[in-house]
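In: Predicted model follows, preceded by the sequence.
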Amino acid sequence: MSASALDHVGIAGPDLDALAAAYERLGFRLTPRAQHHAPGPDGVVRPIGTGNRCAMLRQGYLELIAVIDPALPSNTLDRFLARYRGLHIVAFAIEDPEAELARLRAAGLAPPGIAWLERPIETEAGRATARFARIPMPDAPEGRIQLIRHLTPELLWQPGTLDHPNRAVALEEVALMVADPAEAAARFARLVGVAATAASDGVVLALPQGRVRFTAGAAFPGVAAPALPFIAGVTIRTEDGAAALRRIAGAAARETPGGVLVPPEHAGGAALLFR
């Protein structure tokens, strides 16, 4: 048992509309705005204060998330935003939440259990409810690090949502800047069930789909950490070697040895490397 993929990352900001506008300017087609719902202590599912829009890719996706109703619980998002604006969520795909929970507890981790979440989704047939089972890494200093099982994947990966003007197709990597890459990678390795390996660009967890990179220095050229640990950015594969992205982003993007980099100030606090 282990995680099979880098499922998605979450970019958090104080204003969902402004965050969405920034990503639309970069050529992403986003899903409609949706408010999250979760069971309360009495088991009744109610709205919570956060909402999102997503850029669904053929492999993985980017979640743009913000507090849209300050009167309701924020599910710790306000605490994350007090540190910095940008990437605060990393989720890994699993198939069997109960089996993974047992594996983690046998390995000495103490996740609180399986957390259930849902949100409305617009489909061609009308509104439906997407449902998720999540297992969070307890007390992760990096942010909301979790395993996730999509109970209704067909509602998220709808054909009409997967084609983007920037030709993005896959979430390939998330990069973290940390004080001790080996220590952080070891904790993540216990969560996902994949061994960490040393690489020229840091310590890496390579999953069947996607990877996580930990570095003590700059994860991307010219990108400084506002605080450590810092989920610095992601690498996104395109269909055309980032040609469309170059046209769309214009002066917001710059060439680097690894691809075309959109710096955090143009992407809600997250560095985006397109290749």
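Out: In hand now; what should we look at? Numbering: from 1, shown residues only.

In: per-domain residue ranges of the protein.
Out: As given by automatic domain parsing, the domain ranges for the chain are 5-161, 168-274.

In: could you give the mean pLDDT of the first one?
Out: Same thing as domain 5-161. The average pLDDT within domain 5-161 is 94.

In: Can you add mean neighbour count and give the domains of the chain back as TSV?
Out: Glycine gets a C-beta too; all of them are placed from N, C-alpha and C. Converted to TSV, the domains of the chain look like this (neighbours: other CB atoms under 10 Å):
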stretch	mean neighbour count
domain 5-161	17
domain 168-274	19
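
In: so is the residue of the chain most remote from its centre in a helix, a strand, or just coil?
Out: Of all residues in the chain, Asp42 has its C-alpha farthest from the mean position, at 29.2 Å, by CA atoms, centre = their mean. Asp42 carries the three-state label coil when classified by DSSP: H, G, I helix; E, B strand; the rest coil.

In: where does it fall, phi/psi-wise?
Out: Note on Asp42: backbone dihedrals following degrees, to the nearest 10 are phi -90, psi 0.

In: One more: Ile236?
Out: According to degrees, to the nearest 10, Ile236 has phi -120, psi 130.

In: would you list every one of the helices in the protein?
Out: In the chain, the segments counted as helices under DSSP state H are 16-25, 77-83, 97-106, 153-156, 181-192, 243-249.

In: List of residues touching the shortest one?
Out: For helix 153-156, the external contacting residues (CB atoms under 8 Å, 6 or more residues apart in numbering) are Cys54, Met56, Tyr61, Ile121, Thr123, Ala128, Thr129, Ala130, His150.

In: before we move on, back to that, now the helices of the chain in JSON lines, with distance to Gln35?
Out: As requested, the helices of the chain are exported to JSON lines (distance: least, CB to CB, whole Å):
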{"stretch": "helix 16-25", "distance to Gln35": "10"}
{"stretch": "helix 77-83", "distance to Gln35": "13"}
{"stretch": "helix 97-106", "distance to Gln35": "23"}
{"stretch": "helix 153-156", "distance to Gln35": "15"}
{"stretch": "helix 181-192", "distance to Gln35": "28"}
{"stretch": "helix 243-249", "distance to Gln35": "29"}
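
In: Now the terminal residues of stretch 210-220, how far apart.
Out: Terminal residues of stretch 210-220 are spaced 17 Å apart (CA to CA, to the nearest Å).
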